[in-house]
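# Quick one, fold the following:
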Amino acid sequence: MIKFDEEQIIANGEIIYSQRAKIEAIADRIFEEGFDLLLFTSSGGSQAMLDPFAFYIRHMSRIPVENRLSADLLLNDCNRITKNSVAFLTSKSGDTGETMEAAKWLKDQGVRIISIVGKENSPLEAISDACVVYGEGRPQELVLYLLIGRILYRNGDFPDYPQFADELKGLAYALAQVRKAADEKCRKYALDYCKEPYNIWVGSGDLWPTAYSYSMCVLEESQWIRTKSVSSPEFFHGTLELLEDDVCMTLLLTEGPTRVLDERVKAFAERHTGKLTCFDTKDYDLPGISDRFRQYLSPVVMAAVLQRISKNIEEITGHSLDIRRYYRKETY
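Below is the predicted model of the structure:
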């Protein structure tokens with residue numbers, strides 16, 4: 001396997017898990033101080049990382065929740081925000097422009113800000129009421145599994161949280177095994193489809209943000225590969241008409257409550273294109289994780305799988321994932 005260091009992956013996960021007590025204390029303070037809304041807002045792939053947790057809250061509780069891109073939020077695209085709201089923002093750099101503007105605007109409204117960032121002493125950390133710095137830790141979602149899981153537990157919506165959180169100690173190890181199991185398929189996928197002129201990516205529920213962000217932030221932004229992403233329920237309202245035998249389509253299947261929507265797409269696509277690839281989180285073992293918790297982990301499992309496409313496609317195309325023409329290269 002190219003660019004794979006299992007020991008480093010496990011060590012990175014430990015960076016986050018070692019902060020479990022701090023993260024849970026932040027969650028306890030949020031719950032005890034009370035709130036009228038939980039808001040998830042950031043930009044690009046960072047928003048996509050947040051979105052599944054709004055999905056889980058909607059499906060597991062009656063807690064009021066909203067998720068909005070920061071650029072939309074700044075145009076008053078959420079009319080439920082008050083001084084009693086709590087906002088969660090994330091940024092790898094800690095200085096993403098639109099995210100920072102949203103943070104300042106929220107601060108002016110009296111909203112409590114909880115941030116998750118990759119670098120210490122960032123502008124986003126400075127403006128936040130509480131911050132978790134994950135550094136080289138992966139997956140960043142682990143912070144939110146502990147933070148949001150604890151809030152749901154305190155609200156009486158997730159009684160199994162203590163065991164779930166205990167088992168998350170081994171999440172990085174489990175995801176390293178997923179990477180190993182997925183690599184051969186992902187390398188073949190990269191070889192077969194890295195030069196396709198057009199790609200359709202489909203997902204639903206907690207994996208719709210993954211389909212959207214991978215197609216946008218990796219294939220489009222990092223590899224300049226033309227891609228369309230569409231959610232499984234919306235696929236049948238337009239995109240299905242573009243399927244032909246030689247159209248490349250990639251479907252991500254979740255283990256969450258919307259899986260039936262993915263299976264519907266799969267059954268249709270199998271009849272209409274010879275270039276369908278399905279990545280299904282059910283195909284991968286998660287050692288140390290109880291089966292009943294798998295329904296919450298589809299995003300991180302799929303991220304581990306898709307990372308193996310990224311590592312392989314970078315080598316195959318000779319196009320570094322770090323190359324950009326415009327992003328952070330000029331003003332826009």
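# Val65 and Cys78: what is the separation?
11 Å (Cβ to Cβ, to the nearest Å). C-beta: built from backbone N, CA, C; applies to glycine.
# between the two, what contacts are shared?
Leu39 (Cβ atoms under 8 Å, 6 or more residues apart in numbering).
# residue boundaries of the strands in the stretch 51-200 of the chain?
With strands called from DSSP state E, counting those that start in this stretch, the stretch 51-200 of the chain shows them at 65-69, 86-91, 112-117, 130-133, 199-203.
# Following the chain past the last one, name the next helix or strand.
Where DSSP states H and E defines the elements, the next helix or strand beyond strand 199-203 is helix 208-213.
# per-residue pLDDT, the most centrally placed residue in the chain?
When Cα atoms, centre = their mean is applied to the chain, the residue found nearest the centroid is Met49 (2.9 Å). As predicted, Met49 sits at a pLDDT of 97.
# isn't there a helix covering it?
Yes. Using DSSP: H, G, I helix; E, B strand; the rest coil, the assignment for Met49 is a helix.
# List the contacts of it.
Per Cβ under 8 Å, 6+ apart, neighbours of Met49: Ser42, Thr90, Gln140, Glu141, Leu144, Pro209, Ser213, Pro299.
# show me the contacts for the nearest residue to the second one once chain neighbours are set aside.
For Thr90, ignoring the flanking residues on the chain, the nearest one in space by Cβ to Cβ, 6 or more residues apart in numbering is Ile116 at 4.2 Å. Going by Cβ under 8 Å, 6+ apart, Ile116 touches Phe88, Leu89, Thr90, Cys131, Val132, Tyr134, Gln140, Val143, Leu144.
# Break this protein into its domains for me.
Domain assignment of the chain by automatic domain parsing yields the ranges 6-159, 174-317.
# what about the ones you listed, which gets the closest to Arg325?
Closest approach to Arg325 among those (Cβ to Cβ): domain 174-317, 7.9 Å.
# Do me a favour and get the end-to-end distance for the closest one?
Start and end residues of domain 174-317 are separated by 29 Å (Cα to Cα, to the nearest Å).
# what about the longest helix in the chain?
Secondary structure of the chain per DSSP state H: the longest helix is helix 171-193.
# For stretch 257-266, buried residues please.
Residues Thr258, Arg259, Leu261, Asp262, Glu263, Val265, Lys266 are the ones in stretch 257-266 that count as buried (16 or more other Cβ atoms under 10 Å).
# Those residues in helices, which ones?
Going by DSSP H, the helices hold Arg259, Leu261, Asp262, Glu263, Val265, Lys266 from the buried residues of stretch 257-266.
# What number of residues are in the vicinity of the nearest residue to Gly94 once chain neighbours are set aside?
Leaving out its chain neighbours, the residue that sits closest to Gly94 by Cβ to Cβ, 6+ apart is Ser122, at 2.3 Å. Neighbour count of Ser122, defined by other Cβ atoms under 10 Å: 21.
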